[in-house]
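In: My questions are about this predicted structure, shown below with the sequence.
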Amino acid sequence: MFARSLTFAAFASGAFFLPIAGGSAPVTLKYKIAQKTEQTIDASAMGQGEQKVNLGYTAFVTVTLNDTTGGRTVKAVVDSVKPDSGVMAQFAEPLTSAKGATGAGFLDASGTLQGFKQIGDTNSIRGTTLRGLVTSLFPKVKAAAKAGDAWTDTTETSDTTNGMPVKRRAVTNFKASAGAARAIKIDASGSYSLAGASANGMAFEGTGKSTATFQRSTDGYLMDGSFSDNADLSLTIPQAPAPVPVANVSSITITLLR
């Protein structure tokens, strides 16, 4: 269970958001999202040695953006999620159950995604998967960024992933350059700290590093992107005599299909 929680914590709780240029016509975007995660758990303190969990999947998501007062409405639906071969059933089932999950929110003029919620379903795992997929499509870029700009952002976020509150503080360096036609390219790298705890006494804390290269169109939507994340965490379990070291390595590739 913790392997799945950490995967989606890394994916969802450090959300970045991409500004959308105002005045654009409504657009429907179809994305392919592929993620691979390897988690290494050193359970020696519990007499179980080192354990590895691999989780990979390919998802297809449709996002519709419509102009409205002060920004754009955002509606998203998970068209499909296919786990990679070899993914254990307890991890594959929650992924495949996300098919058909729908959510909506509002993207304000500053590029902040507000109030994105699942529609017509209260399943928390489906909702977490949906939110993680959608927020990955909106990496943060400063307003009016142009080729040659460089800047640093410090962000603090708080999220609840699979019932476990997670706090994250990140410092990220960005550099903008010319991209494809009608696009700007962004390279980013940074470091972060995160911590979380659940009501049953499980808790974790640690640090990580992330890198990203992506392009966004002049209309403000993501065109493609590659993201990587490496975290070293310490997991506290009530029945364990000592904290359990956990290493998380994750990569995400996003492609605009339309």
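Out: The structure has been received and is ready for your questions.
In: How far off centre is stretch 119-134?
Out: Offset of stretch 119-134 from its chain centre (C-alpha atoms, centre = their mean, to the nearest Å): 13 Å.
In: mind listing what's buried in it?
Out: Residues of stretch 119-134 classed as buried by neighbour count (16 or more other C-beta atoms under 10 Å): Ile125, Arg126, Gly127, Thr128, Thr129, Leu130, Arg131, Gly132, Leu133, Val134. Every residue, glycine included, has its C-beta placed from N, CA and C.
In: same question, stretch 241-256
Out: In stretch 241-256, residues buried by neighbour count (16+ other C-beta under 10 Å) are Pro243, Val244, Pro245, Val246, Ala247, Asn248, Ser250, Ser251, Ile252, Ile254, Leu256.
In: Across the sheet, point out what pairs with Thr207.
Out: Beta-bridge pairing of Thr207 under DSSP bridges involves Ser193, Asp232.
In: sorry, back to before: for the buried residues of stretch 119-134, which one is nearest Gly148?
Out: The shortest distance between Gly148 and any of the buried residues of stretch 119-134, using C-beta to C-beta, involves Val134 and amounts to 30.3 Å.
In: do you know how far the closest one is from Thr102?
Out: The spacing between Val134 and Thr102, counted by C-beta to C-beta, to the nearest Å, is 10 Å.
In: Relative to the centre of this structure, find the outermost residue for me.
Out: Here the centre of the chain is the reference, and by C-alpha atoms, centre = their mean the most remote residue is Gly47, at 33.0 Å.
In: List the residues that contact that residue.
Out: Neighbour list for Gly47: empty [criterion: C-beta atoms under 8 Å, 6 or more residues apart in numbering].
In: Looking at the helix or strand Arg216 falls within now, give me its mean pLDDT.
Out: Secondary structure assigned from DSSP states H and E places Arg216 in strand 203-217. Model confidence over strand 203-217 averages 93 on the pLDDT scale.
In: Can you list the buried residues in it?
Out: By neighbour count, with 16+ other C-beta under 10 Å as the criterion, the buried positions of strand 203-217 are Ala203, Phe204, Gly206, Gly208, Ser210, Ala212, Phe214, Gln215, Arg216, Ser217.
In: Make JSON lines from those residues and add distance to Asp108 to it.
Out: Formatted as JSON lines, the entries for the buried residues of strand 203-217 read as follows, by distance: C-beta to C-beta, whole Å:
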{"residue": "Ala203", "distance to Asp108": "34"}
{"residue": "Phe204", "distance to Asp108": "32"}
{"residue": "Gly206", "distance to Asp108": "32"}
{"residue": "Gly208", "distance to Asp108": "28"}
{"residue": "Ser210", "distance to Asp108": "25"}
{"residue": "Ala212", "distance to Asp108": "22"}
{"residue": "Phe214", "distance to Asp108": "21"}
{"residue": "Gln215", "distance to Asp108": "22"}
{"residue": "Arg216", "distance to Asp108": "17"}
{"residue": "Ser217", "distance to Asp108": "19"}
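In: Going by distance to Glu38, which of those wins?
Out: Gly208 (14.0 Å).
In: That closest one contacts Asp232, correct?
Out: Yes - taking C-beta atoms under 8 Å as the contact criterion, Gly208 and Asp232 are neighbours in contact, 7.0 Å apart.
In: list the residues that contact both of the two?
Out: The contact sets of Gly208 and Asp232 overlap at Asn248 (C-beta under 8 Å, 6+ apart).
In: how close does Met46 sit to Leu235?
Out: If you measure Met46 against Leu235 using C-beta to C-beta, the figure is 11 Å.
In: Show me which of these two is the more surrounded one.
Out: Regarding Met46 and Leu235, a neighbour count based on other C-beta atoms under 10 Å identifies Leu235 as having more, with 20 against 14.
In: re the thing from before, just the buried residues of stretch 241-256 now: which is nearest Val166?
Out: When the buried residues of stretch 241-256 are compared for distance to Val166 (C-beta to C-beta), Asn248 comes out closest, at 12.9 Å.
In: now that closest one, nearest residue through space, not along the chain?
Out: Ala231 (4.4 Å; C-beta to C-beta, 6 or more residues apart in numbering).
In: Number of residues surrounding that neighbour?
Out: Ala231 sits with 22 neighbouring residues when counted by other C-beta under 10 Å.
In: Right, I'll call it a day here.
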